[in-house]
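**Student:** quick check, what structure comes out for this input:
(chains A and B)
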Amino acid sequence: MLRRPAQAASRLAFFDAAPASSLAALKSMSNPSPTGPNPTGVVTRFAPSPTGFLHIGGARTALFNWLYARHTGGKFLIRVEDTDRERSTEAAVAAIFEGLDWLGLKSDDEVIFQHTRAPRHVEVVHELLAKGRAYRCWMTVEELEVAREKARAEGKAIRSPWRDSPEGDLSIPHVIRFKGPLDGETLVNDLVKGPVTFRNIELDDLVLLRADGAPTYNLAVVVDDHDMGVTHVIRGDDHLNNAARQTLIYQAMDWAVPAFAHIPLIHGPDGAKLSKRHGAQAVGEFADLGYIPEGMRNYLARLGWGHGDDEVFNDEQAISWFDVADVVKAPARLDWAKLNHTNAQHLRKADDARLTDLALAAAQKRDEPLPDDARERIARTVPEVKEGAKTILELVDHCAFALKTRPLTLDEKTQKQLTEETVERLKRLRDQLASAPAFDAATLETVLKSFAESEGVGFGKFGPALRGILTGGAPAPDLNKTMAALSREESLGRLDDALAPRA
RNA sequence: GGUCCCUUCGUCUAUCGGUUAGGACGCCAGAUUUUCAAUCUGGAGAGAGGGGUUCGACUCCCCUAGGGACUGCCA
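**Tutor:** This is a model prediction of the structure:
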């Protein structure tokens, strides 16, 4: 049932490579396995059409393909479906690869650009013609419209009168259609939906080659999937109907039909098809909102697929557990709250240095000016605040208190708390802090506790004032952590600013 | 209109003929408390409706309703 990838290799070699302008992108996007063995023979592919950004639903489709390939020890390939030259743009190609790259999904072989394979597609069409499984059709647009209306009224598939008549004038532009069987039925044994049968009479004779000689999608996918040795076609369930038509083409060519897995689309929180009004759609937007790739992968994997009670897991676990057959049949809704939670779980596990880089980059995008030592400040603060942040953007918010420069302006609430008694007490605390053996959160916790004890008061007597002085009212973690994040010098400085006798 | 797909707490899911229908997010309450979070404990919350099959149905079958896809010389 499974075709060896080697069988496909020779075919592909005969086509020219992608446009030079895209070569750089290709290099970075492909990650050919050095050895190349593929014991299970599984080959999956993600085949986006470059007419826009990488949609979150497409990203999940890519992820499922990738997970399944990894799970089976097979290959994951990427093919750009750009047969529609009018609508395909290079900007879109770049955007899609940027999204995939961010998500960490790379092709195991060179990326295929479908339009470069047009000669091969034409070749196959001529084979079908020779086999009597395709025919030339000179129907005009007007004729088609009439036929379509009639077919719709009768509840039948559209048929061309040229199907059974002698060929017309070859010099007049015409399309080439597939000659589908009129009886029997076609079974699509879908891995997700189960067996689905279509009566062949319902399936129309789809156009294989346009009047301008360009191949159409339904033909190109079949030829490319076959030539690339794709064994598992995992794609959106908007293609379920196409699967039957495509199966017919495989059969006409005597090619093995790949396994199909049609996964449901992702809907917006209200259950409607995901669109602009639901907030983000493009994976790039999720990146800008401060989600991190591993959090996104985890959330996306859990959307429409589950493994018992496991909610938060890493790639290794996802790979070992994932199976397309377990994908849920119904469409899932995007849930921002759960995305946030999942992302937060991964954020807290992420490396501090990496988070510092991400937070700094996000902070630089904001309008507020940053101190020269912003990186150092963020680096000190990240470990103390990352557990409370759901996104990188929130992480930056939580670093804000540390990015303020002296002297801080104290809010009214804090100023009111600075009674003579409190000021004197904080001065005593200042001395304790100055002589603390170390300035990490753990040490400071001890210092604060013993100070409160020696003063014979609770934290309530000086905590709020201290906090106000240290943060200027910005949200911050526990006082000991806040001071550790600020450093001894900055903490004492902020205290001195506030405790100095007023002029 | 026709063909096809889908339907368990608000949301994501578990269950694969016998469970007090489990978990997670969110929500509510409490704990903690030096702000905002985070954290911990507890709670409310579901098998679209109707028929079958069966000793027994969320699970199998049929119908209805609702949602969706396709029906292009788009992909």
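
**Student:** what parts of the stretch 101-250 of chain A come near RNA strand B?
**Tutor:** With CB under 7 Å from any atom of the strand as the criterion, the stretch 101-250 of chain A comes near RNA strand B at residues A:114, A:139-141, A:144, A:148, A:151-153, A:155, A:157-158, A:173-175, A:193-194, A:196-199, A:202, A:204, A:206-207, A:210-212, A:214, A:216-218, A:237-242. C-beta coordinates here come from the backbone N, C-alpha and C atoms, glycine included.

**Student:** ok, now with 6 Å
**Tutor:** The stretch 101-250 of chain A has residues A:148, A:152, A:155, A:158, A:175, A:193-194, A:196, A:198, A:202, A:207, A:210-211, A:216-217, A:237-238, A:240-242 near RNA strand B, with proximity defined as CB under 6 Å from any atom of the strand.

**Student:** A:Leu334 is in contact with A:Ile56, correct?
**Tutor:** Yes: under the criterion of CB atoms under 8 Å, A:Ile56 makes contact with A:Leu334 at 7.1 Å.

**Student:** intersection of neighbour lists for these two?
**Tutor:** A:266, A:274 (CB atoms under 8 Å, 6 or more residues apart in numbering).

**Student:** ok so, going back, of the residues of the stretch 101-250 of chain A next to RNA strand B, which belong to strands?
**Tutor:** Judged by DSSP state E, strands contain the following of those: A:175, A:194, A:196, A:198, A:207.

**Student:** which pair in these has the greatest spatial separation?
**Tutor:** With CB to CB as the measure, no two of those lie farther apart than A:Val175 and A:Gly194, at 34.4 Å.

**Student:** these two - which one has more neighbours?
**Tutor:** A:Val175 (21 against 9; other CB atoms under 10 Å).

**Student:** hmm, that one is touching A:Cys137, no?
**Tutor:** Yes: in this structure A:Val175 lies within contact range of A:Cys137 using CB under 8 Å: 5.3 Å.

**Student:** what touches both of the two?
**Tutor:** Here A:Val175 and A:Cys137 have A:Val207 as joint contacts, going by CB under 8 Å, 6+ apart.

**Student:** what residues of stretch A:51-69 count as buried?
**Tutor:** A:52-69 (16 or more other CB atoms under 10 Å).

**Student:** in space, what's closest to A:Ala363 - neighbours in sequence excluded?
**Tutor:** A:Val396 (4.9 Å; CB to CB, 6 or more residues apart in numbering).

**Student:** okay, and the one you found sits in which element?
**Tutor:** Per DSSP states H and E: A:Val396 is located in helix A:392-403.

**Student:** touching RNA strand B at all, that helix?
**Tutor:** No: contact of helix A:392-403 with RNA strand B (CB under 6 Å from any atom of the strand) is absent, the minimum separation being 6.8 Å.

**Student:** so for that helix, mean pLDDT?
**Tutor:** Across helix A:392-403, the average pLDDT comes to 96.

**Student:** tell me how far that helix lies from the chain's centre.
**Tutor:** With CA atoms, centre = their mean, to the nearest Å as the basis, helix A:392-403 stands 25 Å off its chain's centre.

**Student:** go on, stretch A:442-458?
**Tutor:** With CA atoms, centre = their mean as the basis, stretch A:442-458 stands 48 Å off its chain's centre.

**Student:** same question for stretch A:397-404.
**Tutor:** 30 Å.

**Student:** who touches it?
**Tutor:** A:359, A:363, A:368, A:370-371, A:374, A:377-378, A:380-382, A:385-386, A:388-389, A:470-472, A:474-477, A:482, A:485-486, A:490.

**Student:** which of the residues in that stretch are buried?
**Tutor:** Applying a neighbour-count criterion of 16+ other CB under 10 Å, one finds A:397-404 buried in stretch A:397-404.

**Student:** and for stretch A:226-235?
**Tutor:** Buried residues in stretch A:226-235, defined by neighbour count with 16+ other CB under 10 Å: A:226-235.

**Student:** closest one of these to A:Tyr299?
**Tutor:** Using CB to CB, those come closest to A:Tyr299 at A:Ile234, 18.6 Å.

**Student:** my guess is the closest one contacts A:Thr61. True?
**Tutor:** Yes: contact status for A:Ile234 versus A:Thr61: in contact at 6.8 Å, counting by CB under 8 Å.

**Student:** identify the contacts common to the two.
**Tutor:** A:Ile263.
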